[in-house]
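# Any chance you could fold what I've pasted below:
(2 chains)
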Amino acid sequence: MTWKDIAPVPTAQEFIDIVLSRTQRRLPTQIRAGFKISRIRAFYTRKVKFTQETCSEKFGAIVSSFPILTDQHPFHRDLMNILYDADHFKVALGQVSTAKHLIETISRDYVRLLKYAQSLYQCKQLKRAALGRMATLIKRLKDPLQYLDQVRQHLARLPDINPTTRTLLVAGFPNVGKSSFVRSVTRADTPVEPYAFTTKSLFVGHLDYKYLRYQVIDTPGILDHPLEDMNTIEMQSVTALAHLRAAVLFFVDISEQCGYSLKAQCNLFKSIKPLFANKMVFVVLNKMDIKTFEELDPEMQAELQDLTKSGDVELLRASCATQDGVQDVKNLVCERLLAERVSQKLKAGTASNGALGSRLTEVMARIHVAQPMDGVTRETFIPEALKGLKKYDKSDPERRTLARDVEEANGGAGVFNVDLKKDYMLADPSWKYDKIPEIYDGKNVYDYVDPDIDAKLTALEEEEDRLEQEGFYESDEDIEDEEEEEILQQAEYIREKHKLIRNEAKMRKSLKNRAIMPRKVQKKSFAELEDHLDQLGVDTESIGLRARSQVQPSRGRSVTRSRAGTVDTDAMDVDSAPSAKERLRSRSRVRDRSVMASNRREDGVVDETARTKAERQAKLGQRKMNRMARQGEADRHIGATMPKHLFSGKRTIGKTARR
Amino acid sequence: MRVENCFFCGRPAWPSKGITFMRNDGKSFRFCRSKCHKNFKMKRNPRKLKWTKAYRKNAGKEMVVDSTLQFAARRNVPVRYDRELFAKTLKAMERISEIRARRERVFYKKRMAGKRARELAAARKLVDQNGHLLPRLRASTKKELEARAAETGVEVEDLEREELAKLRGSKKTRVFGREAIRQRVRTDGGVEEIPGSGEGHMQEDGHDWENDDDDDDDDDEMDTD
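Numbers count the residues shown, from 1 in each chain, chains lettered A, B, ... in the order given. Model (predicted):
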């Protein structure tokens, strides 16, 4: 049970600041008199309502974050009562919650009024009044809020006491060594000083005993006077004693160094005895290093012994200064406490007729204590062969031969090799040194090794026979047909031819971004023509004769533009036979500007429909070429990233672009 | 020692060949050659590569369901060495592989059924459409033949036919190295020689690993067309 995460409670002024600034920040601020009145009203209504909501939310959070006293364990309830005064605490929370209600009422009233406001000014005044009244209410909460924040801070620092767990409670007069004990048995750093009331509140330490965690509570000292006269510090101890189901360690300083007589201490024990009902009580005689029990006068001894008479009280001895007996005390108390708790639980879980309660049954069902062999004792098994075995003795000449002796006899370590195959367990010992086939016919032999291979093989053979009979293996052998063979051969020939043609076309077309040569510029030698025609079965003799007869060996400079000597005499344009005039013209005129004989665009086009058709055809013909488009100006092009002429040279004056 | 199968292509990886990759979860991967290892490292799926056993099995190109294939199996009960049993096993292995070869042959035949018909149909179509590409006698040859006919007194047509046959009969395939004998595996497992086949390319006779790849590829093309 911790109250460490209660949010801080703001002071009244802080609270007002928070609420108002939130209203300011979260809501629109622009409003003008010219706006529609409904809009203005809505604007201010929203402000009022929002402020109220924020307040309610904050107050609600404060109220709900504090523990509700009635829900707490009696110990915590009483502790809080002592420390913070339950009435005061309740009143403070009540005031906060009343303020919340009042603010809601104010908001309701003003929202109602705002509905009838006629102007911006009226609205604004109503809002101001509403917020002002809310602020006044909050201001009035100054004291409760301050008190609640203090309570919060104190609650956060309260030790984490679990009232239900295994607990050791250390009590006694001030300055008898309670804190020293807690310090020596736990990791808690309780302050120890040589004056009374060093410990002013409850301290908690933890110790482990037999894998269980125990909570040790160090209480402030108690003086022997009536309950009404006790102060807050003492009351904490009393609360702890009253409500915690714990083992109480009542510390007694028999050396009386604490400043209280042994008599007074015994009296205190007697007077707070009612608090020890249903608890284990141990009287720990502390500071044994100064004065032992035996050194006391018999009267006092009797007095102390008297304390233990009534039931559960035991007398223990310890010395926190020398640590003598401290651990013994701890162990004994823990042991007792555990036994007590277990027996109590069993008692609580068992009905009067001896049947176990449901919860206890559940727990018992989960516990299983295993008994080996159901209690049957088994004797050690010694094999028959080993029973008569003599104990191995190295010096005995009749000793057993070990593998080591064999090794020595056969050349010793490094020479002798252990025969692993000797110990093979096979059906026939003569097989031991067989060479075991591993791979046969590209297959792992071991994959096929199967004790029932015979049965499987016969099954396979049967299946084979059946298949044979069913005609599984019969197949009509394909008859070689002369005609089919020929067709196939011809097809093969054609395929090859296709490939050649394709290849040639590819070679021709691969321009690699060079200009397309006009058809008329492309040259085809006469030999090529002749060969082609010959292949097609046309007699080329007459053509050849004609062509040759028309070629006249030229004198002087060649008529063509090529350099003399490079022109093929068999060139295609032999039959042009230009007249003198034409020759002159072709020389004087640029070739590119030569006029075509007919306009090929208009040629053969009869009417409009033919025109469109021709155009469509032309486009269609162009389509593939367009698809396999060549590089053009629309294509992405990355030029030189740093043109040298723009980036070199002096750069002091002038524009970079002008360089 | 064992002949393991390549993790990637399924080919047998003999001892001392290939490379083994041990993944850090303890699974081991044996590769028959660096090709498979590299492909594995590239995270390729062997089912998608045509040259792997996995692809062929997946695509129905290999006999997968058969009783002969169940003999080689991993058994979880170790068997002690027994001379008789091992002798029996070796004999059985021989017989099993023989039966298996026969069945595989049948399987292949069934798979290839109709292939020749399809090929022929395609060839007929091709020849029909591209008759002009077939070899013809050159004008010059014709003339020559005519001259020869006049000289020898043989019919021109005969000579021409003869010449044409020579032209068309010429095959592009030539024998490399030693003489190739065309053989054919019969369904009963025997091998017969194809008569009149002094030339032509070699055909593998054993029905083993990757032996009918060329046929398959042709077959596939036909299917997709």
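
# count of neighbours near the closest residue to chain A within chain B?
As assessed by CB to the nearest CB, chain A sits closest to residue B:123 within chain B, at 3.4 Å. (C-beta placed from N, C-alpha, C; glycine too.) Residue B:123 has 20 neighbouring residues, counting by other CB atoms under 10 Å in any protein chain shown.

# what does the one 3 residues further on give?
Using other CB under 10 Å, residue B:126 has 20 neighbouring residues.

# likewise residue B:130?
Count around residue B:130 with other CB under 10 Å applied: 16.

# mind listing what it touches?
Residue B:130 makes contact with A:494, A:497, A:498, according to CB atoms under 8 Å, 6 or more residues apart in numbering or on different chains.

# Filter those down to just the ones in helices.
A:494, A:497, A:498 (DSSP state H).

# near chain A, anything from the longest helix along chain B?
As assigned by DSSP H, the longest helix anywhere in chain B is helix B:83-112. Yes - judged by CB under 8 Å from any CB of the partner chain, helix B:83-112 and chain A are in contact via B:83, B:85-86, B:88-90, B:92-97, B:99, B:102, B:106, B:109.

# By pLDDT, give me the weakest of those residues.
Lowest pLDDT within these is found at residue B:109 (90).

# coming back round to it: how about the residue of chain B closest to chain A, what does it touch?
Each residue near residue B:123 by CB under 8 Å, 6+ apart is listed here: A:487, A:488, A:490, A:491.

# Helix or strand: which one has the closest residue to residue B:95 other than its chain neighbours?
Closest residue to residue B:95 apart from its sequence neighbours, by CB to CB, 6 or more residues apart in numbering or on different chains: residue A:457 at 6.9 Å. Per DSSP states H and E: residue A:457 is located in helix A:453-470.

# Pull out the buried residues from that helix.
For helix A:453-470, burial by neighbour count (16 or more other CB atoms under 10 Å in any protein chain shown) applies to A:453, A:456, A:457, A:460, A:464.

# Could you list every helix and strand in contact with that helix?
helix B:83-112 (3 or more CB pairs under 8 Å, 6 or more residues apart in numbering or on different chains; DSSP states H and E).

# Mean pLDDT per helix and strand in chain A: which one sits at the bottom?
helix A:580-588 (a mean of 60; mean pLDDT, DSSP states H and E).

# Follow the chain on from that one and name the next helix or strand.
Next helix or strand after helix A:580-588 toward the C-terminus (DSSP H and E): helix A:608-627.

# tell me how far that next one is from the chain's mean position?
With CA atoms, centre = their mean, to the nearest Å as the basis, helix A:608-627 stands 65 Å off its chain's centre.

# Next: stretch A:272-288.
54 Å.

# Could you tell me the end-to-end distance of that stretch?
One end of stretch A:272-288 to the other measures 24 Å (CA to CA, to the nearest Å).

# could you dump the helix holding residue A:457 to PDB, C-alpha only?
Output in PDB follows, covering the C-alpha atoms of helix A:453-470 (Å, rounded to 0.1, in the frame of the first residue of the first chain):
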ATOM      1  CA  ILE A 453      13.800 -56.400 -48.500                       C
ATOM      2  CA  ASP A 454      12.700 -59.800 -49.700                       C
ATOM      3  CA  ALA A 455       9.100 -59.200 -49.200                       C
ATOM      4  CA  LYS A 456       9.300 -55.800 -50.800                       C
ATOM      5  CA  LEU A 457      11.200 -57.100 -53.800                       C
ATOM      6  CA  THR A 458       8.800 -59.900 -54.400                       C
ATOM      7  CA  ALA A 459       6.000 -57.300 -54.300                       C
ATOM      8  CA  LEU A 460       7.800 -55.300 -56.800                       C
ATOM      9  CA  GLU A 461       8.300 -58.300 -59.100                       C
ATOM     10  CA  GLU A 462       4.700 -59.100 -58.900                       C
ATOM     11  CA  GLU A 463       3.800 -55.600 -59.800                       C
ATOM     12  CA  GLU A 464       6.200 -55.800 -62.700                       C
ATOM     13  CA  ASP A 465       4.600 -59.000 -63.900                       C
ATOM     14  CA  ARG A 466       1.200 -57.500 -63.700                       C
ATOM     15  CA  LEU A 467       2.300 -54.400 -65.600                       C
ATOM     16  CA  GLU A 468       3.900 -56.600 -68.200                       C
ATOM     17  CA  GLN A 469       0.700 -58.500 -68.700                       C
ATOM     18  CA  GLU A 470      -1.400 -55.400 -68.800                       C
END
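
# Report the two of the contacts of residue B:123 separated the most.
A:488 and A:490 (7.3 Å; CB to CB).

# quick one on the thing from earlier: quick one: mean pLDDT over the helix or strand following the longest helix of chain B.
The helix or strand immediately downstream of helix B:83-112 is helix B:115-129, counting by DSSP H and E. Averaging pLDDT along helix B:115-129 gives 94.

# centre of the chain versus helix B:115-129, how much separation?
Worked out by CA atoms, centre = their mean, helix B:115-129 lies 21 Å from the chain centre.

# Could I have the CA atoms of whatever helix or strand comes next after that helix written out in PDB?
Moving toward the C-terminus from helix B:115-129, the next helix or strand (DSSP H and E) is helix B:139-152. Output of helix B:139-152 as PDB, limited to C-alpha atoms (Å, rounded to 0.1, in the frame of the first residue of the first chain):
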ATOM      1  CA  ALA B 139      20.000 -21.000-113.900                       C
ATOM      2  CA  SER B 140      23.700 -21.600-114.500                       C
ATOM      3  CA  THR B 141      23.500 -25.200-113.100                       C
ATOM      4  CA  LYS B 142      20.500 -25.900-115.300                       C
ATOM      5  CA  LYS B 143      22.400 -24.700-118.300                       C
ATOM      6  CA  GLU B 144      25.300 -26.800-117.400                       C
ATOM      7  CA  LEU B 145      23.200 -29.900-116.900                       C
ATOM      8  CA  GLU B 146      21.600 -29.300-120.300                       C
ATOM      9  CA  ALA B 147      25.000 -29.200-121.800                       C
ATOM     10  CA  ARG B 148      25.900 -32.400-120.000                       C
ATOM     11  CA  ALA B 149      22.700 -34.000-121.100                       C
ATOM     12  CA  ALA B 150      23.400 -33.100-124.700                       C
ATOM     13  CA  GLU B 151      26.900 -34.500-124.200                       C
ATOM     14  CA  THR B 152      26.000 -37.800-122.500                       C
END
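
# which secondary structure elements does the helix or strand just after helix B:139-152 contact?
Next in sequence after helix B:139-152, counting helices and strands by DSSP H and E, comes helix B:156-169. Applying 3+ CB pairs under 8 Å, 6+ apart, we find helix B:156-169 packed against helix A:482-509, helix B:139-152.
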